[in-house]
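> pasted the sequence and its predicted model underneath.
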Amino acid sequence: MNIAIVGASGAVGQEFLRVLENAPITIDNLRLFGSQRSAGRTYTFRGTETEPVRLLTDNPEDFRDIDFAFVSAGASVSRQYADTITARGAIMIDNSSAFRMDDDVPLVVPEVNGEDAFNAPRGVIANPNCTTIQMVVALKPINDLSPIRRVHVATYQAASGAGASGMEELELQTRQIVNGEEPTVKKFVSQLAFNLIPHIDVFTDNGYTKEEMKMHCETKKIMHAPGLEVSATCVRVPVMRAHSEAIWAETERELSLDEVREAFGHATGVVLMDKTEALGYPQPLDKAGSDPVYVGRVRKDLANPKGITFWTVADQIRKGAALNAVQIALYIIAHRK
């Protein structure tokens, strides 16, 4: 299997290397691509030094014989180079928002809609937004019990969702405040350390941010449910890594807690941690670096007899980005005819 990573030196690109390191796949050839800044760098992969990072150009021959190209270099780069990457037959699995809502590009979470990956006429498969991935993995077992009508979600998103520079700014701000200095604010719209920011991405005309509208639109597409109502509030929190979400889901029929817990317990990609004693619920502090979506605090919604409310935690760089993309490739390999 021949693999390419575009944006290899970024936070998600580096996570691609870590995920692929232990992935159950034979990799015969690994090609890394990046910007002028990262070109020439090498990394250790499976005990050997990689080829130097190549400068990404519009030469399709660079991707000849590539089976899967994992791309995480921003939406503008994805749009500019998609035809180059796919011209010689590579399947491009794109981590940006560039193609997510295009009708001819599948938006895939393998645990939910893996079969959609085989309907990619442009050779491009989109990786959903990290918050959407985490939520739909947890919604799937509930939806299998009874179709979901309505979802409300509040997200608590770590600094690393804004990339390595987001983590660096949070760390810097924390040191500065502890030392009595004025905190540096560059990456975020406001001071993040010791604060919450209910503002991720830009605001749209309806008062929701683009991040919130991504959850609204992407969930409908992934779950093949155009009538599903989804309302999100997305908040940046002073956590280094792993997103958390409080989710309220209303189903067509009333569900018992026992059947919901049983469904979570058997769901692919989900780990149920639903004990109230001894900190038996998931927290980002100890779930960073993990692969599953952790679910806890499962309750009946006191305001809605057909509602279930619960809490999820997942590492948004792994399951929310690199891991999901690699799982898409593994799904295709395992299920193609």
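Yes, it's here.
> now the strands: where do they sit in the stretch 1-150 of the chain?
For the stretch 1-150 of the chain, the strands defined by DSSP state E, counting those that start in this stretch occupy 2-6, 29-34, 44-45, 48-49, 54-55, 68-71, 91-94, 124-126, 148-157.
> now the helix or strand that comes right after the longest one: buried residues?
Read it as strand 148-157. Helices and strands here follow DSSP states H and E; after strand 148-157, the next one along the chain is helix 164-178. For helix 164-178, a neighbour-count test (16 or more other C-beta atoms under 10 Å) marks 164, 166, 167, 168, 169, 170, 172, 173 as buried. For the C-beta atoms, the positions are set from N, CA and C on the backbone; glycine is no exception.
> contacting residues for the first one?
By that I understand residue 164. Residue 164 is in contact with 10, 11, counting by C-beta atoms under 8 Å, 6 or more residues apart in numbering.
> pLDDT at it, what is it?
According to the prediction, residue 164 has pLDDT 84.
> equivalent analysis for the fourth one, please.
According to the model's per-residue confidence, residue 168 sits at a pLDDT of 95.
> in three-state terms, label the residue lying closest to it once chain neighbours are set aside for me.
With sequence-adjacent residues excluded and distances taken as C-beta to C-beta, 6 or more residues apart in numbering, residue 168 is closest to residue 187, at 8.0 Å. Following DSSP: H, G, I helix; E, B strand; the rest coil, the label given to residue 187 is coil.
> tally up the residues packed near residue 187, please.
If you count neighbours by other C-beta atoms under 10 Å, residue 187 ends up with 18.
> quick one, what contacts it?
Applying C-beta under 8 Å, 6+ apart, one finds that residue 187 lies in contact with 162, 165, 166, 168, 169.
> of these, which is the nearest to residue 215?
residue 162 (16.8 Å; C-beta to C-beta).
> in this structure the closest one contacts residue 186, no?
No: counting by C-beta atoms under 8 Å, residue 186 is not a contact partner of residue 162; they are 10.8 Å apart.
> between the two, which is the more surrounded one?
Each of residue 162 and residue 186 has its neighbours counted (other C-beta under 10 Å); residue 162 has more, 20 against 9.
> tell me the mean pLDDT for stretch 145-160?
Averaging pLDDT along stretch 145-160 yields 97.
> pull the distance from it to the chain's centre.
A distance of 13 Å separates the centroid of the chain from that of stretch 145-160, by C-alpha atoms, centre = their mean, to the nearest Å.
> related to what we said a few turns ago, from the contacts of residue 187, pick the one nearest residue 249.
Out of the contacts of residue 187, the member with the shortest distance to residue 249 (by C-beta to C-beta) is residue 162, at 27.6 Å.
> what's that closest one in contact with, if anything?
In this structure, residue 162 makes contact with 187, 188, 236, judged by C-beta under 8 Å, 6+ apart.
> gap between it and residue 256?
Separation of residue 162 from residue 256 (C-beta to C-beta, to the nearest Å): 40 Å.
> same check on residue 267?
Residue 267 sits 17 Å away from residue 256, taking C-beta to C-beta as the criterion.
> and the two? which has more neighbours close in?
Regarding residue 267 and residue 256, a neighbour count based on other C-beta under 10 Å identifies residue 267 as having more, with 21 against 11.
> isn't the more buried one right up against residue 143?
No: if you go by C-beta under 8 Å, residue 267 and residue 143 don't touch, sitting 10.7 Å apart.
> buried ones in stretch 98-110?
Of all the residues in stretch 98-110, those buried under the rule 16+ other C-beta under 10 Å are 98, 99, 100, 105, 106, 107, 108, 109, 110.
> which residues touch residue 260?
Neighbouring residues of residue 260 by C-beta under 8 Å, 6+ apart: 141, 142, 145, 298, 308.
> export the residues you listed to TSV and tack on neighbour count and distance to residue 26?
Rendered in TSV, the data for the contacts of residue 260 read as follows (neighbours: other C-beta atoms under 10 Å; distance: C-beta to C-beta, whole Å):
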residue	neighbour count	distance to residue 26
141	23	32
142	22	37
145	17	38
298	17	40
308	24	42
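> nearest to residue 11 among those?
residue 141 (29.9 Å).
> report the contact partners of that closest one.
Under the criterion of C-beta under 8 Å, 6+ apart, the contact list for residue 141 reads 260, 263, 264, 266, 267, 270.
> try 7 Å this time
Residue 141 makes contact with 263, 264, 267, 270 under the criterion C-beta atoms under 7 Å, 6 or more residues apart in numbering.
> ok, it to residue 112 distance?
Note on residue 141: its distance to residue 112, by C-beta to C-beta, is 10 Å.
> where does the protein have low pLDDT?
By pLDDT under 70, the chain has no low-scoring segment.
> mind giving me the domain split of it?
For the chain, whose domains are defined here by automatic domain parsing, the residue ranges read 2-128+321-335, 132-316.
> pretty sure residue 79 sits against residue 94.
No: look at residue 79 against residue 94 with C-beta atoms under 7 Å: they stay out of range, at 9.5 Å.
> those two: which is more packed in?
Per other C-beta under 10 Å, whichever of residue 79 and residue 94 has more neighbours is residue 94, with 26 against 13.
> the more buried one and residue 122 touch, don't they?
No: assessed by C-beta under 7 Å, residue 94 is found out of contact with residue 122, at 10.5 Å.
> residue 172: what's its closest spatial neighbour, skipping adjacent residues?
In space, residue 172 comes closest to residue 184 once its chain neighbours are excluded; the distance is 5.7 Å by C-beta to C-beta, 6+ apart.
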